[in-house]
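Undergrad: Sequence and computational prediction follow.
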Amino acid sequence: MGMKSNGEKTAAIVLAAGRGSRMGSDIHKQFMLLGGRPLVYYSLKAFAESAVDEIVLVTGEEDIVRCEEIVRKYNIAKVKAVVPGGRERYDSVYEGLKAADTSSYVLIHDGARPFLTDAIIGRCMDGAREYGACVAAMPVKDTIKIADEAGFADYTPNRNLVWMMQTPQAFSYPLVRGAYDCLASRGAAGLSVTDDAMVVETFTDHKVKFVEGSYRNIKVTTPEDMLIGEAFLNCSRSVKVLLK
């Protein structure tokens, strides 16, 4: 999986521009240490060791130097550029897309998801080529209730049809760039943009396919997530020791 066709280039856009306010820390969450390394290191390493051709790292203007130091320190050779993001997530994605404009396909990933695997990347690359647009996702484990405006249960969707969105979200470059060009020209007034698939769904008639992510592919958002992350990391290290 994840093999390239002749002449096609695939870029990964890694977003590391979040403030991490829910962490209760002055350090932006993408630079907090997990297993002794910055959170963003793990997804950069995963892409660097995959079939992806190049990486664009998007971060806050004030964190450009720090990101460049991480890239040098860990020798992430596929990083083509470290670019400043924008005010909102979709602004940062747009800056990343502009820096990856020679690509045929693009994978957009949250740098706060450190447990990205080569298998997930491969499924996303294959899905982008086959469907033009796909997202890593997993079925929900819990029953989901939709609330009304007063906070009462309104209705219960069929759990078999409800999926948790993850990243990477992968697209044909012309498709996602066109959708983001539309968003940039029209503005996001009245539109709560929470992922890239939503931009494609809103500004094109192209359907987005789900591909298998992983229940370990968590987004580290709160201090509790860091504890879970350390547990995943320790478990992975224990398995490697047993296999030696």
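TA: All right, it came through fine. Residues are numbered from 1 along each chain as shown.
Undergrad: which residues make contact with stretch 55-67 from outside it?
TA: Outside stretch 55-67, the residues that touch it by Cβ atoms under 8 Å, 6 or more residues apart in numbering are 11-17, 28, 30-31, 40, 44, 47-48, 71, 76, 78-85, 92-93, 95-96, 99-100, 111. Backbone N, C-alpha and C define where each C-beta goes, glycine included.
Undergrad: Filter these down to the buried ones, PyMOL style.
TA: Here is the PyMOL command that selects the buried residues among those (16 or more other Cβ atoms under 10 Å):
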select buried, resi 11+12+13+14+15+16+17+28+30+31+40+44+47+48+71+76+78+79+80+82+83+85+92+93+95+96+99+100+111
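Undergrad: What segments of the chain are helices?
TA: Along the chain, counting by DSSP state H, helices occupy 39-48, 64-73, 89-99, 118-131, 173-186, 196-203, 223-243.
Undergrad: most neighbours per residue, which of the ones you listed?
TA: Using mean count of other Cβ atoms under 10 Å, the stretch among the helices of the chain with the largest mean neighbour count is helix 39-48, at a mean of 24.
Undergrad: other SSEs contacting that one?
TA: Packing partners of helix 39-48 (3 or more Cβ pairs under 8 Å, 6 or more residues apart in numbering; DSSP states H and E): strand 10-16, strand 54-59, helix 64-73, strand 105-110, helix 118-131.
Undergrad: So what are the sheet partners of the first one and their directions?
TA: Strand pairing for strand 10-16, using DSSP bridges, gives strand 54-59 (parallel), strand 105-110 (parallel).
Undergrad: Reformat the ones you listed as JSON lines; add mean neighbour count, mean pLDDT and distance to N217.
TA: Formatted as JSON lines, these follow (neighbours: other Cβ atoms under 10 Å; pLDDT from 0 to 100; distance: least, Cβ to Cβ, whole Å):
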{"stretch": "strand 54-59", "mean neighbour count": "26", "mean pLDDT": "98", "distance to N217": "18"}
{"stretch": "strand 105-110", "mean neighbour count": "28", "mean pLDDT": "98", "distance to N217": "10"}
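Undergrad: if we can go back for a sec, between the helices and strands packed on helix 39-48, which one is closest to M165.
TA: strand 105-110 (10.5 Å; Cβ to Cβ).
Undergrad: Measure how the closest one sits relative to helix 173-186, angle-wise.
TA: 60 degrees (axes from the mean of the first three to the mean of the last three Cα atoms, to 10 degrees).
Undergrad: next one: strand 105-110 to chain centre, how far?
TA: 6 Å (Cα atoms, centre = their mean, to the nearest Å).
Undergrad: what do you get for stretch 119-131?
TA: That offset, for stretch 119-131, works out to 14 Å (Cα atoms, centre = their mean).
Undergrad: Would you mind measuring from the closest residue to Y94 other than its chain neighbours to M125?
TA: Distance criterion Cβ to Cβ, 6 or more residues apart in numbering; nearest residue to Y94, sequence neighbours excluded, is Y180 at 5.0 Å. Applying Cβ to Cβ, to the nearest Å, the value for Y180 to M125 is 20 Å.
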